[in-house]
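> predicted model and sequence follow; I will ask about them next.
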Amino acid sequence: MGTMWSADLGTKSGPKYRRVAETIRGAIDAGTLKVGTKLPPVRELAYQLSITPGTVARAYSVLTDEGILVAEVGRGTFVAEKMTKVQDDVWSRQLHHFESQDPKHVSLFSPRIADMGQVAAIREALRKIADCDPHMLLNYPTRDAYKPVREAVAEWIAKAPIGPVRERDIVLTHGGQNGLMVTMQACLRGPNPVIMVEELAYAGFRRAADMLRANVVGVAMDEQGIRPDILELMIRKTGASVLCTSPEVHNPTGLFTPTERRLEIVAVARRHNVQIIEDDCYRLGEAQAPSYRSLAPELAWHVTSLSKLLTPAIRVGFVVAPQGGVNELRRAAEYSFFGLGQHTAELTRLLLGDPRMPRLMQDVREEMGRYVRVAVNVLGGFDINWSPDVPFIWLKLPVGWRAGPFTRAAESEGIQIRSADEFALRDGRAPHAVRIAVNAHVSIGKFEDAMRRLCILLDNPPEQISG
């Protein structure tokens, strides 16, 4: 094409390679450069723009990484076709290749999120950060520096039923688990604090409490979650001051606590001035009921993260404080780790501000739901609790199986799942059940094969039940 397109950097500012990339991208968007058009050789375009060949080469590399250009060995660099489903499948095959060395092995320990374009979005954002103001990469984090990030978070969660949220009510943490730890530090009082959790609960609650030298007690549940009568009994018996709970998506059972039950729990908490820490990290879809922070704005702390909707790799979580609680929360975070690294905070701001993100997150929800439905189609004859917006399935084992032997039998088949024992308190009793997480890092065919192998095990319990 060489002479058919006249590149001009004009008055654009910023690094030269970025200006070249923006010029090419603009020509493609305007239709001046059409799909399949060959770009000038690096040296030719460098001569035309009076810049170094290395600058042009870097611009081409950036656009190639973004999928805007495609380089063909021996032929040159061309304008790529728009991303299509076929190309999406190519990326999926690259992701699925991760575990292809052992065709039988599938880890279903923890949810693994489908890549529906967020990898490309993260790479693009990281490239922007590489060209940021050098002060961002040399200074300690400050509250003022993080205000734009908190504003982006506040806008992102604005539709969630958690009550009014101002940017100053939000504290950024290193993922949801760190958010729980920091919140407990802000809440706990006295020499022997006691934390209450569901009788089956996310193990991270216990681990955070252990690190803070707090005692943990379980509260009995029914099909709607925590029983308010038992909650009141445990408060009176132990003097507990904090309740950790997951009412939208209970981990591991997937149960949902309806509004009426939440109101009963709030009434008990108010009578005894008990703080409520709500872990909202597993929900993929819209919330079904008002959060505790909405129902009890003076008592409830809301913890969430990007881990299940975008990626767990960047380790970013958010805690929304109750009325009057943000100063304690900030102090706990700043005394613990000063704050997120500024590059991580800026990455979060760029991702949440990306106009493609709502559609991308919806695509993640739909793809994870597709895997869930595959599992339900195979295991639907057994006693399971599931939802297309929950990235795991709770399976109550049939007669003849106990959780320990079943998880060992599954592991001998190359399938790793979690026993109910991992979610019970040390002195608690666990049901004969397992949690099966969705792993979208393997092909849906391989995932379905794993479900069928689990089904065969379920249909063939051992003749003698072992402990």
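Cool, got the structure. Keep in mind that what you see is a predicted model, and the values were worked out from it rather than measured.

> quick one, helices of the stretch 251-400 of the chain?
For the stretch 251-400 of the chain, applying DSSP state H, counting those that start in this stretch gives helices covering 259-272, 292-295, 326-337, 342-353, 357-379.

> buried sites along the third one?
Spelled out, it's helix 326-337. 326, 329-330, 332-333 (16 or more other CB atoms under 10 Å). For the C-beta atoms, the positions are set from N, CA and C on the backbone; glycine is no exception.

> can you lay out the residues you listed as JSON lines showing distance to residue 375?
Listed next are these as JSON lines, based on distance: CB to CB, whole Å:
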{"residue": "326", "distance to residue 375": "41"}
{"residue": "329", "distance to residue 375": "38"}
{"residue": "330", "distance to residue 375": "42"}
{"residue": "332", "distance to residue 375": "39"}
{"residue": "333", "distance to residue 375": "38"}
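
> just those residues now: which is nearest residue 215?
Of all the buried residues of helix 326-337, residue 332 has the smallest distance to residue 215: 19.6 Å, by CB to CB.

> these two touch, right, the closest one and residue 188?
No - in this structure, residue 332 is not within contact of residue 188 by CB atoms under 8 Å, at 9.9 Å.

> so what's the backbone phi/psi at the most centrally placed residue in the chain?
Centroid check for the chain by CA atoms, centre = their mean gives residue 307 as the closest residue, at 1.3 Å. With angles defined as degrees, to the nearest 10, residue 307 sits at phi -60, psi -40.

> ok, it - contacts?
113, 175-176, 281, 317 (CB atoms under 8 Å, 6 or more residues apart in numbering).

> as a whole number, average confidence for the helix or strand containing residue 207?
Assessed by DSSP states H and E, residue 207 sits inside helix 203-211. Mean pLDDT, helix 203-211: 92.

> other SSEs contacting it?
helix 175-187, strand 194-198, strand 215-219 (3 or more CB pairs under 8 Å, 6 or more residues apart in numbering; DSSP states H and E).

> and residue 372, which of the ones you listed is closest to it?
helix 175-187 (20.9 Å).

> now do the buried residues in the closest one.
So, applying 16+ other CB under 10 Å, buried residues of helix 175-187: 175-187.

> okay, the residues you listed in JSON lines with distance to residue 377 and pLDDT next?
Shown next, in JSON lines, are the buried residues of helix 175-187 (distance: CB to CB, whole Å; pLDDT from 0 to 100):
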{"residue": "175", "distance to residue 377": "33", "pLDDT": "94"}
{"residue": "176", "distance to residue 377": "30", "pLDDT": "94"}
{"residue": "177", "distance to residue 377": "33", "pLDDT": "94"}
{"residue": "178", "distance to residue 377": "37", "pLDDT": "95"}
{"residue": "179", "distance to residue 377": "35", "pLDDT": "95"}
{"residue": "180", "distance to residue 377": "35", "pLDDT": "95"}
{"residue": "181", "distance to residue 377": "39", "pLDDT": "95"}
{"residue": "182", "distance to residue 377": "41", "pLDDT": "95"}
{"residue": "183", "distance to residue 377": "39", "pLDDT": "96"}
{"residue": "184", "distance to residue 377": "40", "pLDDT": "95"}
{"residue": "185", "distance to residue 377": "44", "pLDDT": "94"}
{"residue": "186", "distance to residue 377": "44", "pLDDT": "94"}
{"residue": "187", "distance to residue 377": "43", "pLDDT": "92"}
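
> can I get those in JSON lines with distance to residue 390?
Listed next are the buried residues of helix 175-187 as JSON lines, based on distance: CB to CB, whole Å:
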{"residue": "175", "distance to residue 390": "19"}
{"residue": "176", "distance to residue 390": "16"}
{"residue": "177", "distance to residue 390": "19"}
{"residue": "178", "distance to residue 390": "23"}
{"residue": "179", "distance to residue 390": "20"}
{"residue": "180", "distance to residue 390": "19"}
{"residue": "181", "distance to residue 390": "24"}
{"residue": "182", "distance to residue 390": "26"}
{"residue": "183", "distance to residue 390": "23"}
{"residue": "184", "distance to residue 390": "25"}
{"residue": "185", "distance to residue 390": "29"}
{"residue": "186", "distance to residue 390": "29"}
{"residue": "187", "distance to residue 390": "27"}
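
> wait, which of those is closest to residue 41?
residue 175 (45.9 Å).

> is that closest one in contact with residue 318, as I believe?
No - with contact defined as CB under 8 Å, residue 175 does not reach residue 318; the gap is 9.9 Å.

> overlap in contacts, these two.
The overlap between the contact sets of residue 175 and residue 318 (CB under 8 Å, 6+ apart) consists of residue 305.

> what's the first helix or strand after the worst-scoring helix or strand of the chain on mean pLDDT?
Using mean pLDDT, DSSP states H and E, the weakest-scoring helix or strand in the chain turns out to be helix 85-96, at a mean of 47. Moving toward the C-terminus from helix 85-96, the next helix or strand (DSSP H and E) is strand 106-107.

> contact partners of that following strand?
99, 414-416, 439, 442, 446-447, 450.

> surely residue 274 touches residue 238?
No - applying CB under 8 Å, one finds residue 274 not in contact with residue 238, separated by 11.0 Å.

> buried ones in stretch 163-172?
For stretch 163-172, using 16+ other CB under 10 Å, the buried residues are 163, 165, 169-172.

> CSV for these, including distance to residue 364?
Conversion of the buried residues of stretch 163-172 to CSV gives the following (distance: CB to CB, whole Å):
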residue, distance to residue 364
163, 26
165, 23
169, 27
170, 23
171, 25
172, 22
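
> make TSV out of those and add distance to residue 39, pLDDT and secondary structure.
Output for these, formatted as TSV (distance: CB to CB, whole Å; pLDDT from 0 to 100; DSSP: H, G, I helix; E, B strand; the rest coil):
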residue	distance to residue 39	pLDDT	secondary structure
163	52	92	coil
165	47	93	coil
169	49	94	helix
170	44	95	strand
171	47	95	strand
172	41	95	strand
